[in-house]
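**Student:** Got a sequence here, can you build the structure:
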Amino acid sequence: MNNLSRRKILKTSAATLSFSVLPSYLVTGKPSPDGKLPPSKRINLGVIGCGGRANGVVPGVCRDGKAQVTAWCDVDFKRSGIEKNLNRAPDAKKFADFRVMLEKMDKDIDAVTVVTPDHTHFPAAMMAMALGKHVYVEKPLTHSYLEADLLMKAEKKYGVVTQMGNQGHTSAGSEQFQSMVKAGIIKNITKIDAWKSPGLFFMNKDRRIKKFPTGEAKPESLNWDLWCGPAAVKPYSRLLHPFDWRAFFLYGNGMLGDWGAHIIDFAHDFLKLGQPTKITPLRMDDRNDVIFPLNSHLKMHFPSRGDDLPAVDLTWRDGANHHPKVAEDFMDKDENGKLTTPRLGGAGTILYPEDEDYAITRGSHSSTSNIINSEKRHELRQHLRATNPKYNHQASFTAACMGEDKTRSNFQIAGDLTKTLMLGIICQTLDEDLTFDNKKEKFIGNDEANSLLSGPKARKGWEQFYTLA
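**Tutor:** Below you'll find the model as predicted:
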């Protein structure tokens, strides 16, 4: 199977997929399962990863019958919580290996969703794109800086529709933020505070580990080798699957990689931040080589990008003491004249415009922005109105596949954001000051940091995906 996959995808890649035939959703004569939409009005969907977040992604992509599932792929079809999705298309074919699914179902799949652990996003997305499939990938887009770069190049090469699943990027909150930028309310931002409260097991000091789990009996229905994919195979443990893999450098991206895509995405995209030139660790508690730090605070410096886009210092805090201190100038007073600190919540950002008497705050995901203090908020209240776009995040992907809309977090946008997250993760890994040449895309004077740009080495049988961009 590996040899067949390699031969086929490399042959397809060499031909650069200059399609002269229409995709299957425009020519197939297969009836729609619900009988409502003709074949020319729907797409055939291959689902890679069927449980967890896929229970929200798949119905969103298939909304109003505009997509139908033709193939399911998962490494364990017996695990809890997967039945809900499978019952949406009980007659769709099932596969354990996405490589086999894409080969055997090539003509019957127009688009795929990839909702798997972070370390398997890249090979699944890359193979699908190389075969001309539109791709929706959950956040974070990839597991390394190099993988994000390769998917950005592949998007241009293959001309397919792409979307990363940071759903707030297609929302009223996103539309509002953009309009505030255009109106000059959000401009000349020189400081950004971003934060996330603790929530994953590695952020509990009583559950910290410094070695991989020694292993335990795995479920008989689980194909552990396929779950590990391109990464090194470690003994199975419930600390790795089905959820807590995010804690491990080998398989996940920690809290910054997981939630950063929902927290700093508006600022990164609409303020054109690009990549930082300096990353400074401020606090890395109990750092080790296996799991992410207990608490992680770091600062990124982004250079000037032109008019109204001066240099920015972005400080990220997750874990203990994650809330930033809000300057008294931006606080309101209660009826007794006492200053009141704004409620910041468990995740969010504060943006500080240079030489202004207000700041902009928002939460995460699709949260709208607000202005602190109250006098300025009242003065600028007309700019705080928010209107939802025509399609939500998943529906916009399907509509874009049909040529009816565009995606708001395609791989050019999402890949650029992911690169920033990966640079922060390298800082978490090394706990060192880093200087980054964002034109050459290399660290200056740090070979170890440069080696981490490509992520963990792909194991034998998975290397070919890195040649397709």
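**Student:** Could you use CA atoms for every contact and neighbour count after this?
**Tutor:** OK.
**Student:** Downstream of the lowest-mean-pLDDT helix or strand in the chain, the next helix or strand is which one?
**Tutor:** In the chain, no helix or strand scores lower on mean pLDDT, DSSP states H and E than helix 24-27, which sits at a mean of 46. For helix 24-27, the succeeding helix or strand toward the C-terminus, using DSSP states H and E, is strand 43-48.
**Student:** mind saving the C-alpha coords of that following strand as PDB?
**Tutor:** Presented in PDB, the C-alpha positions along strand 43-48 are these (Å, rounded to 0.1, in the frame of the first residue of the first chain):
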ATOM      1  CA  ILE A  43     -20.100  17.800  -3.100                       C
ATOM      2  CA  ASN A  44     -19.000  14.400  -2.100                       C
ATOM      3  CA  LEU A  45     -17.100  14.500   1.200                       C
ATOM      4  CA  GLY A  46     -14.400  12.200   2.600                       C
ATOM      5  CA  VAL A  47     -14.200  12.500   6.400                       C
ATOM      6  CA  ILE A  48     -10.800  11.900   8.000                       C
END
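**Student:** what residue ranges in the stretch 1-150 of the chain score low on pLDDT?
**Tutor:** 1-40 (pLDDT under 70).
**Student:** Now do the helices in it.
**Tutor:** 2-14, 24-27, 54-61, 83-86, 98-104, 121-130, 145-158 (DSSP state H, counting those that start in this stretch).
**Student:** What are the boundaries of the strands in the stretch 151-300 of the chain?
**Tutor:** Secondary structure of the stretch 151-300 of the chain (DSSP state E, counting those that start in this stretch): strands at 162-165, 189-196, 278-284, 296-302.
**Student:** List the strands paired with the shortest one, with their directions.
**Tutor:** Using DSSP bridges, the strands paired with strand 162-165 in its sheet are strand 134-138 (parallel).
**Student:** angle of the strand it pairs with against helix 54-61?
**Tutor:** Strand 134-138 and helix 54-61 are oriented at 140 degrees to each other (axes from the mean of the first three to the mean of the last three CA atoms, to 10 degrees).
**Student:** Got the domain ranges for this structure?
**Tutor:** Following automatic domain parsing, one gets these domains for the chain: 2-169+391-408+462-467, 172-384.
**Student:** Check the offset of the first one from the chain's centre.
**Tutor:** Per CA atoms, centre = their mean, to the nearest Å, the displacement of domain 2-169+391-408+462-467 from the mean C-alpha position of its chain is 16 Å.
**Student:** ok, now stretch 279-296?
**Tutor:** Centroid displacement of stretch 279-296 relative to its chain, using CA atoms, centre = their mean, is 21 Å.
**Student:** before we move on, the earlier item: please work out which of the domains of the chain is packed deepest.
**Tutor:** Most buried of the domains of the chain, by mean neighbour count (mean count of other CA atoms under 10 Å): domain 2-169+391-408+462-467, with a mean of 20.
**Student:** Quick one: the domains of the chain as a markdown table, columns for distance to P456 too.
**Tutor:** Rendered in a markdown table, the data for these read as follows (distance: least, CA to CA, whole Å):
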| stretch | distance to P456 |
| --- | --- |
| domain 2-169+391-408+462-467 | 8 |
| domain 172-384 | 7 |
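**Student:** what's the closest of those domains to L434?
**Tutor:** Of all the domains of the chain, domain 172-384 sits nearest to L434, with 5.2 Å by CA to CA.
**Student:** Now N55: closest residue in space that isn't a chain neighbour?
**Tutor:** N85 (5.7 Å; CA to CA, 6 or more residues apart in numbering).
**Student:** The one you found contacts G51, doesn't it?
**Tutor:** Yes. Counting by CA atoms under 8 Å, N85 does reach G51; the two are 7.1 Å apart.
**Student:** circling back: which one of the strands of the stretch 151-300 of the chain lies nearest to K338?
**Tutor:** strand 189-196 (24.2 Å).
**Student:** Tell me the strands beside the closest one, with direction?
**Tutor:** Its sheet considered, strand 189-196 pairs with strand 312-318 (parallel), strand 347-353 (antiparallel) by DSSP bridges.
**Student:** So what's the gap between that strand and the chain middle?
**Tutor:** Put simply, strand 189-196 sits 19 Å off its chain's centre (CA atoms, centre = their mean).
**Student:** cool, stretch 163-175 as well?
**Tutor:** On CA atoms, centre = their mean, the centre of stretch 163-175 falls 11 Å from that of its chain.
**Student:** on that earlier part again, dump the helices of the stretch 1-150 of the chain to a markdown table, plus distance to S367.
**Tutor:** Below are the helices of the stretch 1-150 of the chain laid out as a markdown table (distance: least, CA to CA, whole Å):
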| stretch | distance to S367 |
| --- | --- |
| helix 2-14 | 40 |
| helix 24-27 | 35 |
| helix 54-61 | 19 |
| helix 83-86 | 27 |
| helix 98-104 | 34 |
| helix 121-130 | 26 |
| helix 145-158 | 26 |
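**Student:** Can you say which of these is nearest to K41?
**Tutor:** Among those, the nearest to K41 by CA to CA is helix 24-27 (7.6 Å).
**Student:** before we move on, back to that, show me the one of the domains of the chain that comes nearest D433.
**Tutor:** domain 172-384 (4.7 Å).
**Student:** how close does S80 sit to K153?
**Tutor:** From S80 over to K153 the distance is 37 Å, taken as CA to CA, to the nearest Å.
**Student:** Actually, D91.
**Tutor:** Note on D91: its distance to K153, by CA to CA, is 36 Å.
**Student:** Likewise for H301?
**Tutor:** 26 Å.
**Student:** Backbone dihedrals for the residue lying farthest from the centre of the chain, both of them.
**Tutor:** Here the centre of the chain is the reference, and by CA atoms, centre = their mean the most remote residue is N336, at 45.0 Å. Phi and psi for N336, reported as degrees, to the nearest 10, are phi -100, psi 10.
**Student:** could I have stretch 276-296 exported to CSV, CA atoms only?
**Tutor:** Taking C-alpha atoms only, stretch 276-296 is exported to CSV below (Å, rounded to 0.1, in the frame of the first residue of the first chain):
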residue,chain,number,x,y,z
PRO,A,276,8.0,38.1,14.8
THR,A,277,11.7,38.9,14.7
LYS,A,278,12.3,38.3,18.4
ILE,A,279,10.7,35.8,20.7
THR,A,280,11.6,36.1,24.4
PRO,A,281,10.6,33.6,27.2
LEU,A,282,9.3,35.3,30.2
ARG,A,283,8.2,32.3,32.3
MET,A,284,8.5,28.6,31.5
ASP,A,285,7.7,26.6,34.6
ASP,A,286,8.9,23.0,34.8
ARG,A,287,10.0,22.9,31.2
ASN,A,288,11.1,19.4,30.0
ASP,A,289,11.5,17.6,26.7
VAL,A,290,8.3,15.5,26.8
ILE,A,291,5.3,17.8,27.7
PHE,A,292,4.7,21.6,27.5
PRO,A,293,5.6,23.8,30.4
LEU,A,294,3.3,24.0,33.4
ASN,A,295,2.9,27.8,32.8
SER,A,296,4.1,29.6,29.7
